[in-house]
Structures are given as C-alpha cells and as structure tokens.
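Trainee: one predicted model, sequence on top.
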Amino acid sequence: MKKLIAIIILLVIILVGIAVYKKVAIATQEIKIEEIERIENYLNQIYMWKEITNEALPSFETINQADEIWVWEVVKKNLEEYELTSERIEEKAKEIFGGKFIKKFPQEGTLYIVPDEENQFYYAIGTDLDQQEDLFLLNKIEKTKTGYEVEIVEYLEDYSQIEEQELIIIRNIEGEEVGRVSSQEEEKTKQLAKDNRDKLSKKRIILQEEKGRLVVEKVEKEQV
C-alpha cells in the first residue's frame, strides 16, 4: 500500500513538472532570443550618458516631445561620419526614430555638433565622460499588436575607485550605492544589478515596428 501511495505521489509530481515545463516553454516561445537581441540592440542605440544628456533615456509622451540634446546626441552617436550636413543628420534621425519624427536640426547646431559656416557643414565633436557607465537591464518584454512594451532597470557602474581600491561600485541613477564588486570579478556586475533591481529605477518603453525596424514611441518612468 505504501509503495502504491509513493508511486501515485511520484506520478503527480511528474505531471505537475510537465505542466510547469510546458508553461515555461510557451512563455519562452512568445519572445524569441532573436527578438530579445533585436530589442537590446535598438535600446543600446538610443541609450546615452546622463552627464551629457541629463538622463541616459529621458521620459516623453511622443518622440517629438523628447529632450533636444538627447535626440541629437543619439543621432551623433550612431553616425560614423564627423563631417555632416543637416540633411544627413535629419535622415539618420528618421532612421532611428521613425516616420513620426518631425524635428528639424537647428541651423545654429548644438553643443556637440557645431557648424562650419564657410563650408556649410557640421562637425561632430567629442565629449568628456565621467567614470560612471550608464547601463540598463531588460526586465520584462511583452508583445503588442504593433511592437513591444519593454521594462528596463537602470543602473550605474562606477569605476572611480578601481585604481585605489580595486572596486567597481554599482549605483542607482540617483548615485546611491547598492553594491560592490572586485575589479577582478567584473563579470559579476550585471548579476549584482539584477539581484538589487528592487533598489533601481525602472522605465517602461513602447517600441513600434516600422518598415522592418524598431522605433521608440514613448518612454515613461515607473513609480517605485
């Protein structure tokens, strides 16, 4: 009798395990690895540096309401040329932000894309970055009828102590420390950020499919 009960319990465990496995498998099939890579690659294109653009990824209701400095720095980051025309800059902006983007590049240029009036060109100039790297993790991805809804977790990797103390400090975007990793174990920084995601800021990003490309439609900061 005891053996029969044990066999029944074992069968129940196996059946439950199969059911759970199927659910996990179905959830995995909904968002393919190729889709995750595509989303991450696009977000890397538009994710900036807070010391230049104030926020690595600012919030906006529509792309045409996005911060001007951020918009043109994203374009500059994704252009290989350093000698540019306003037409080329706007063409690249359309490629990154999609057909709904209607902003015109300012004739006077920007802080980091400066005009050469004599030759009617603009030159992209370098920027000084601090020792804190702006990074994000994909936290959730949901498919929509027209694209994806993505939640990211934002954090900083602070390398300012790496020479003195051989430490990499993980901070939230307000600059508060959430953890430390030895410089010898740099590969653990992402896992440390994952483990402390409840202490980090989150943003919800609406991405749309447009002519075979992803474009950002909306970004909003989630309330903690």
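Mentor: Yep, that arrived.
Trainee: quick one: residues contacting the residue nearest in space to the middle of the chain.
Mentor: Central residue of the chain (Cα atoms, centre = their mean): residue 43, 4.2 Å from the mean position. By Cβ atoms under 8 Å, 6 or more residues apart in numbering, residue 43 lies in contact with 57, 136, 138, 150, 152, 205. Where C-beta positions appear, they are placed from N, C-alpha and C, glycine not excepted.
Trainee: and these, which is closest to residue 194?
Mentor: residue 138 (10.4 Å; Cβ to Cβ).
Trainee: in this protein, which segments are predicted with low confidence?
Mentor: 1-29, 223-224 (pLDDT under 70).
Trainee: if I've got this straight, the residue nearest to the centre of the chain is in a helix?
Mentor: Yes - according to DSSP: H, G, I helix; E, B strand; the rest coil, residue 43 belongs to a helix.
Trainee: mind checking how far it is from residue 215?
Mentor: 12 Å (Cβ to Cβ, to the nearest Å).
Trainee: ditto for residue 44
Mentor: Distance of residue 44 to residue 215, given as Cβ to Cβ: 15 Å.
Trainee: more crowded one of these two?
Mentor: Between residue 44 and residue 215, counted using other Cβ atoms under 10 Å, residue 215 has the larger neighbour count: 22 against 11.
Trainee: quick check, that one in contact with residue 206.
Mentor: No - using Cβ atoms under 8 Å as the test, residue 215 is too far from residue 206 to be in contact (9.8 Å).
Trainee: who's residue 167 bridged to?
Mentor: residue 182 (DSSP bridges).
Trainee: what about it, how many neighbours?
Mentor: 15.
Trainee: might you report the residue contacts of it?
Mentor: 161, 180, 181, 182, 183.
Trainee: torsion angles phi and psi at the nearest residue to the last one once chain neighbours are set aside?
Mentor: Which is residue 183. The shortest distance from residue 183 to any residue other than its chain neighbours is 4.5 Å, reached at residue 166 (Cβ to Cβ, 6 or more residues apart in numbering). The phi/psi pair for residue 166 (degrees, to the nearest 10) reads phi 50, psi 40.
Trainee: OK, contacts around residue 166?
Mentor: 182, 183, 184.
Trainee: and the gap between the first one and residue 167?
Mentor: To residue 167, residue 182 is 7 Å away according to Cβ to Cβ.
Trainee: ditto for the last one
Mentor: Distance of residue 184 to residue 167, computed by Cβ to Cβ: 10 Å.
Trainee: could you pull out the strands in this protein for me?
Mentor: 83-84, 113-116, 121-124, 132-143, 147-158, 167-171, 177-182, 201-210, 213-221 (DSSP state E).
Trainee: nearest to residue 38, out of those strands?
Mentor: Per Cβ to Cβ, nearest to residue 38 of these: strand 213-221, 6.6 Å.
Trainee: quick one: buried residues of that closest one?
Mentor: Of all the residues in strand 213-221, those buried under the rule 16 or more other Cβ atoms under 10 Å are 214, 215, 216, 217, 218, 219.
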